[in-house]
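Asks: Build me a model from this:
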Amino acid sequence: MDILVIGGGGREHAIVWALSKSEKAGKIYCAPGNAGIGQIAECVPIAVSEFEQLTAFALEKEIGLVVVGPDDPLADGIVDAFEAKDIPVFGPRKNAAEIEGSKTFMKDLLRKYSIPTAAYEKFGDYEQALAYLRSRTAPIVIKADGLAAGKGVTVAYTMEEAEEALRSMMLDKVFGDAGTQVVIEEFLEGQEMSILAFVDGETVRCMPAAQDHKPVYDGDKGPNTGGMGTYSPLPHIDQAIIDKAIESIVIPTAKAMVEEGRPFRGVLFAGLMISPDGTPKTIEFNARFGDPETQVVLPRLKTDLLEIFLAAVNGTLADIDIEWSEEAAVCVVQASGGYPASYPKGIVISGLDEVSSGESALVFHAGTAKNEAGEWVTNGGRVLGIVGRGTTIEEARAVAYAAAEGIDFEGKHQRTDIAAKALV
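Replies: Sure thing, here's the model as predicted:
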């Protein structure tokens, strides 16, 4: 079966890598892909927003399954476009992808079905939002309603910071139309946790829990990014708490989407906060694989990923067993200097081919290209995800950082504390 993966980042590289291990996989295409993905799949120069060209390509190549990676095309209805052409596609339809595309929709859904989340209010008027904000105390969270590449959330520790975030979103339009509406939300303290689940309507098959590191600097300092590193499993979080999160949040949300006439099919990603007393609450939902959570979860998957995708598409997810490895995985993201603000491209990367050949380490390309001289160069804010594997988090972490040391480019930035919380 020939496969088309939509997207071109580290998440898509991990998906292509996992699919390439399936005996049922034929040729794998990736649109648009990147230079790293091009080593194991054929990259197709079609943007994720070009639905007509993508569906035409899938028909021409007789693609047996399309897998959609990024959030923007899902929110814009790419799954509906493929289904209209009778092309099998893994991912939620537009009306289900709204659980990520609109934070106000997501928060209202959780409130309606009594699913645990932070207290909040939503606003489309700046003056009303400002008046409400001034009636609260810091720390407080300001969220742009729409998609903002993982950067539309400000955790404000002072009221001055909160007012600046509100002004930049609603008046300065730093996130465009995504900030037309905002959610102002109570600040939750505790441990963050990500649970991704394969979902087919009310059937939910959860993946092992992971933890992301959003802020750009060590110690969770600085602005939020798309993710600077992840690890899985979470030995410092009791399995009973993880089970409680699944039972009280993930499964009820899937059922709520069915009740709303928006059955979810694809990967439902719950971003959670575990309070000091062990109570899980919802921070956000995403409608697709997380990035870089995918890079540590899929290397632990023992079951054929293609079989899982096909089962979800065919409505038979309840009939298959999904097995996971006990090993640990840690991903360290290497970013361009200046990220998440402006950054240069075209910087030569050294040492990449030597690290890529390691057995314990995996290298997933997020933003790379080849220059005219055939050298690896940077082509994005997040450049590489270096994944270490081992029997423990400590061992996997050591492998990841040792491999990362072998790769260099001018301005390279990486956090040095990925998975340090799990060593306590």
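
Asks: how about stretch 367-377 as CSV, C-alpha atoms only?
Replies: The C-alpha coordinates for stretch 367-377 follow below in CSV (Å, rounded to 0.1, in the frame of the first residue of the first chain):
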residue,chain,number,x,y,z
GLY,A,367,14.0,22.1,9.8
THR,A,368,16.8,21.0,7.5
ALA,A,369,17.7,21.3,3.8
LYS,A,370,20.7,20.5,1.5
ASN,A,371,22.6,23.4,-0.1
GLU,A,372,24.1,23.4,-3.6
ALA,A,373,27.3,21.8,-2.2
GLY,A,374,25.3,18.9,-0.8
GLU,A,375,25.8,20.0,2.8
TRP,A,376,23.2,19.8,5.5
VAL,A,377,21.9,23.3,6.5
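
Asks: going forward can the numbers begin at 3, since that is how I track them
Replies: Will do, 3 is the new start, and the previous item becomes stretch 369-379.

Asks: How far off centre is it?
Replies: 25 Å (CA atoms, centre = their mean, to the nearest Å).

Asks: How about stretch 288-297?
Replies: 3 Å.

Asks: what is the mean pLDDT for it?
Replies: Stretch 288-297 comes out with an average pLDDT of 96.

Asks: now the end-to-end length of it.
Replies: 16 Å (CA to CA, to the nearest Å).

Asks: now swap in stretch 80-95 and tell me
Replies: Per CA to CA, the first residue of stretch 80-95 is 8 Å away from its last.

Asks: Next: stretch 351-366.
Replies: Distance between the two ends of stretch 351-366: 14 Å, counting by CA to CA.

Asks: next one: stretch 412-419
Replies: 21 Å.

Asks: What's the mean pLDDT across that stretch?
Replies: Mean predicted confidence for stretch 412-419 is 98.

Asks: Need the residues that contact that stretch.
Replies: Stretch 412-419 is contacted by residues 215, 218-221, 230-231, 334-341, 345-346, 349-350, 385, 403, 406 when judged by CB atoms under 8 Å, 6 or more residues apart in numbering. Glycine gets a C-beta too; all of them are placed from N, C-alpha and C.

Asks: Filter these down to the ones in helices?
Replies: 403, 406 (DSSP state H).

Asks: In strands, which of the contacts of stretch 412-419 appear?
Replies: Per DSSP state E, strands hold the following members of the contacts of stretch 412-419: 218-219, 231, 334-337, 385.

Asks: Next SSE downstream of the helix or strand of the chain with the lowest mean pLDDT?
Replies: Least confident helix or strand of the chain, by mean pLDDT, DSSP states H and E, is helix 354-358 with a mean of 84. Once helix 354-358 ends, the next helix or strand along the chain (criterion: DSSP states H and E) is strand 363-367.

Asks: Can you tell me which helices and strands that next one packs against?
Replies: When contacts are defined as 3 or more CB pairs under 8 Å, 6 or more residues apart in numbering; DSSP states H and E, strand 363-367 sits against helix 12-21, helix 354-358, strand 384-392, helix 395-407.

Asks: who wins for proximity to Glu262 among the ones you listed?
Replies: helix 12-21 (26.8 Å; CB to CB).

Asks: Between strand 363-367 and the closest one, find me the angle.
Replies: For helix 12-21 against strand 363-367, the angle by axes from the mean of the first three to the mean of the last three CA atoms, to 10 degrees is 130 degrees.

Asks: residues of whatever helix or strand comes next after helix 12-21 that come out buried?
Replies: The element immediately downstream of helix 12-21 (helix or strand, assigned by DSSP H and E) is strand 30-34. Within strand 30-34, the residues that qualify as buried are 30-34, counting by 16 or more other CB atoms under 10 Å.

Asks: Nearest to Gln55 among those?
Replies: Ala33 (8.5 Å).

Asks: any idea where the strands of the stretch 153-302 of the chain begin and end?
Replies: 155-158, 184-188, 193-202, 205-208, 213-214, 217-219, 223-226, 231-234, 267-276, 282-288 (DSSP state E, counting those that start in this stretch).

Asks: what residues does the fifth one touch?
Replies: So the one you mean is strand 213-214. 193-196, 229, 231-234, 236, 273, 292, 294-295, 421, 423-424.

Asks: again with stretch 113-124
Replies: 106, 109-112, 134, 143, 147, 183-190, 250-251, 254-255, 258, 261, 275, 281-285.

Asks: before we move on, the earlier item: can you tell me which of the contacts of stretch 412-419 are buried?
Replies: 215, 218, 230-231, 334-339, 341, 345, 349, 385, 403, 406.

Asks: So how do I select the buried members of the contacts of stretch 113-124 in ChimeraX?
Replies: Listed next is the ChimeraX selection for buried residues among the contacts of stretch 113-124, using 16+ other CB under 10 Å:
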select :106,109,111,112,143,147,183,184,185,186,187,190,250,251,254,255,258,275,282,283,284,285
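
Asks: Could you find the closest non-adjacent residue to Gly79?
Replies: Lys96 (3.7 Å; CB to CB, 6 or more residues apart in numbering).

Asks: Let me know how buried the one you found is, in neighbour terms.
Replies: 18 (other CB atoms under 10 Å).

Asks: Run a quick check on it versus Glu85, I expect a contact.
Replies: No - counting by CB atoms under 8 Å, Lys96 stays clear of Glu85, with 10.4 Å between them.

Asks: pLDDT of stretch 320-332, averaged?
Replies: Mean predicted lDDT for stretch 320-332 stands at 97.

Asks: Contacts for that stretch next, please.
Replies: 200, 202, 205, 207, 209-210, 231-235, 297-299, 301-305, 309-310, 313, 389-395, 397-399, 401-402, 420-421.

Asks: Tell me the buried residues within those.
Replies: Buried by 16+ other CB under 10 Å: 200, 202, 205, 207, 209-210, 231-235, 297-299, 301-303, 310, 313, 389-392, 395, 397-399, 401-402, 420-421, out of the contacts of stretch 320-332.

Asks: Include distance to Val70 and pLDDT when you put the buried residues of strand 30-34 into a markdown table, please.
Replies: Output for these, formatted as a markdown table (distance: CB to CB, whole Å; pLDDT from 0 to 100):
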| residue | distance to Val70 | pLDDT |
| --- | --- | --- |
| Ile30 | 14 | 98 |
| Tyr31 | 13 | 98 |
| Cys32 | 12 | 98 |
| Ala33 | 10 | 98 |
| Pro34 | 13 | 98 |
